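1. would you be able to build a 3D model of this:
(one chain, ligands or ions: 1)
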Amino acid sequence: MGLMKTTPDAAVPKRAKDNERPLIDDIRLLGRILGDVIREQEGAQAFELIEKIRTLSVAFRRDADHEADKALKKLLKNLSGDQAVSVIRAFTYFSHLANLAEDRHHIRRRTVHERMGDTQEGSIDVALSRLRWAGIAPKTIAQTLAQSYVSPVLTAHPTEVQRKSILDAERSIAQLLAQRDSIKERSSAFDSKKGNFVWDSYLKPEYRWFNGKVSFKTIGDKIDPSRTVEINHPEGGPDQPGARIWPFKVHRGKQAYDPENKNLLVVHTAGEDDTALWHNFDWPKAIQTGMRTAGLPWSGKYDFVATEMSWPLAHMVAPKGDAVPCAQCHSDAGRLQGIDGIYLPGRDRNRLLDMIGWSVVLVALLGVLTHGVIRICVLCQPKKG
Ligand code: HEC
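-> Below is the predicted model:
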């Protein structure tokens, strides 16, 4: 345990595997923050007491230090009621925090395994392949599932009962741990030998006409390396019934192609073997394996071509406050700058239409003014006695 310690913690077993490092780091971080909170909320004395109990327990547990054991027992026996409560609370909170860190660690390890293409004990993948292995037909599985009754079961442990405010706080802490992971991953896991990525958030989508159909470049299709290769192309235009202006996320990148055969190359990227690109960054080896696996010819030459791929976006309903303001589209150089086939007020100008519009406004204004002037004149006329 690394509760509330700020110095490098000797309590971490030396044999802790590299895999466990992120877990240990998280537990230490949470312990340190808890220590700060206790100092702030309960005072320095309470903190010192808890810290003392912790060091004595560690000394006894890890080093079998019997002096420490005696001192600990004496200390605990002499705690006042209030002190005992504060000690118990501190260690309870610490256990909760350590649990959160462990949950996070499970998720982290599972992601690592999934990325490597491994399946894990307890996953649906493994369960299904076992069933296949045992000769159970997919139909039987489907039938069984269709007749199964699935229901959540609440355990009867009173200790499991928690207030919602605590659950919410725990959930937020868990989310923050996850965010830390993704920040770390972005800053460190990416090896610049792979090229470069630009990370961004709150990205503005690009808009294109779309009728729901996408045409794809497939392996072996000829490409024109003198221009950007569209890996896929959303179909549709302004004159087609059913087509809409749709938001897309566009991935722009560079990909290896064969300058002689004029097609994109299949590159073997992930894996621990000698030819995987992300393992030893050897393009020719990675291409050779990729193309052989795909059963395609390769001239032995390679170069890079700019590519782009459009991902249609859906399920992106923003909260009311974040709705796209009118001027984002209805303006020059707005989001819909490149969309043709529509007349977009604010972006497009039609002199005749504008003239007619302003004439109507002018006529209305004149009407109001004339009417007003007449009324004022009528009012100003001297009353006839
Ligand atoms: C995501 C882009 C987008 C946003 C945001 C947007 N509009 Fe539009 N607006 C359009 C498009 C596209 C048209 C249709 C142009 C066409 O059919 O020729 C349009 C048409 C219009 C028209 C013309 C009426 C019509 O029936 O053709 C008006 C008026 C208008 N919008 C007002 C607004 C107002 C007010 C807001 C903000 C509350 C707004 N728009 C926000 C894209 C947008």
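2. now do the buried residues in stretch 222-234.
-> Going by neighbour count (16 or more other Cβ atoms under 10 Å), the buried part of stretch 222-234 is Ile223, Pro225, Val229, Glu230, Ile231, Pro234. Yep, even glycine has a C-beta here, placed from its N, CA and C like the rest.
3. please name the bridge partners of the nearest residue to the first one once chain neighbours are set aside.
-> Counting by Cβ to Cβ, 6 or more residues apart in numbering, the nearest residue to Ile223 once its immediate chain neighbours are dropped is Val229, at 4.8 Å. On the basis of DSSP bridges, Val229 is bridged to Thr307.
4. one more: the one 5 residues further on?
-> Assessed by DSSP bridges, Pro234 has beta-bridge partners Val214.
5. residues contacting it?
-> By Cβ atoms under 8 Å, 6 or more residues apart in numbering, the residues touching Pro234 are Arg208, Trp209, Phe210, Lys213, Val214, Trp246, Phe248, Ser310, Pro312.
6. and the pLDDT for the most centrally placed residue in the chain?
-> In the chain, the residue lying closest to the centroid (Cα atoms, centre = their mean) is Ser182, at 7.9 Å. Per-residue pLDDT puts Ser182 at 82.
7. distance of it from Ala323?
-> In this view, Ser182 and Ala323 are 27 Å apart by Cβ to Cβ, to the nearest Å.
8. do Phe94 as well
-> Separation of Phe94 from Ala323 (Cβ to Cβ) stands at 44 Å.
9. so between the two, which is more surrounded?
-> With neighbours defined as other Cβ atoms under 10 Å, Phe94 and Ala323 compare such that Phe94 has more, 22 against 10.
10. doesn't that one belong to a strand?
-> No. Under DSSP: H, G, I helix; E, B strand; the rest coil, Phe94 sits outside any strand and is assigned helix.
11. close to the ligand: what parts of the chain are there?
-> Remark: the part of the chain in contact with the ligand comprises Ile245, Val324, Cys326, Gln328, Cys329, His330, Arg335, Leu336, Ile342, Tyr343, Leu344, Pro345, using Cβ under 6 Å from any ligand atom.
12. mind listing what's buried in the strand or helix carrying the residue nearest to the centre of the chain?
-> Taking DSSP states H and E as the definition, one finds Ser182 inside helix 164-184. In terms of neighbour count (16+ other Cβ under 10 Å), helix 164-184 has its buried residues at Glu170, Ile173, Ala174, Leu177, Asp181.
13. tell me the one of those residues nearest the ligand?
-> Nearest to the ligand among these, counting by Cβ to the nearest ligand atom, is Asp181 at 34.3 Å.
14. just give the nearest non-adjacent residue to that closest one, would you?
-> Nearest non-adjacent residue to Asp181 (Cβ to Cβ, 6+ apart): Arg108, at 6.4 Å.
15. tell me, how many residues neighbour the one you found?
-> Residues lying near Arg108 (other Cβ under 10 Å) number 18.
16. wasn't it part of a helix?
-> Yes. Under three-state DSSP, Arg108 falls within a helix.
17. which parts of this protein belong to which domain?
-> 9-142+163-186, 206-315, 320-348, 349-385 (automatic domain parsing).
18. whichever residue of the stretch 101-250 of the chain sits closest to the ligand sits in which helix or strand?
-> In the stretch 101-250 of the chain, the residue that lies nearest the ligand is Ile245 (5.6 Å; Cβ to the nearest ligand atom). If you go by DSSP H and E, Ile245 is part of strand 244-258.
19. tell me the helices and strands packed up against that strand.
-> In terms of contacts (3 or more Cβ pairs under 8 Å, 6 or more residues apart in numbering; DSSP states H and E), strand 244-258 is packed against strand 206-210, strand 263-264, strand 303-312.
20. tell me if Gly35 really is in a strand.
-> No. Counting by three-state DSSP, Gly35 falls outside a strand, being helix.
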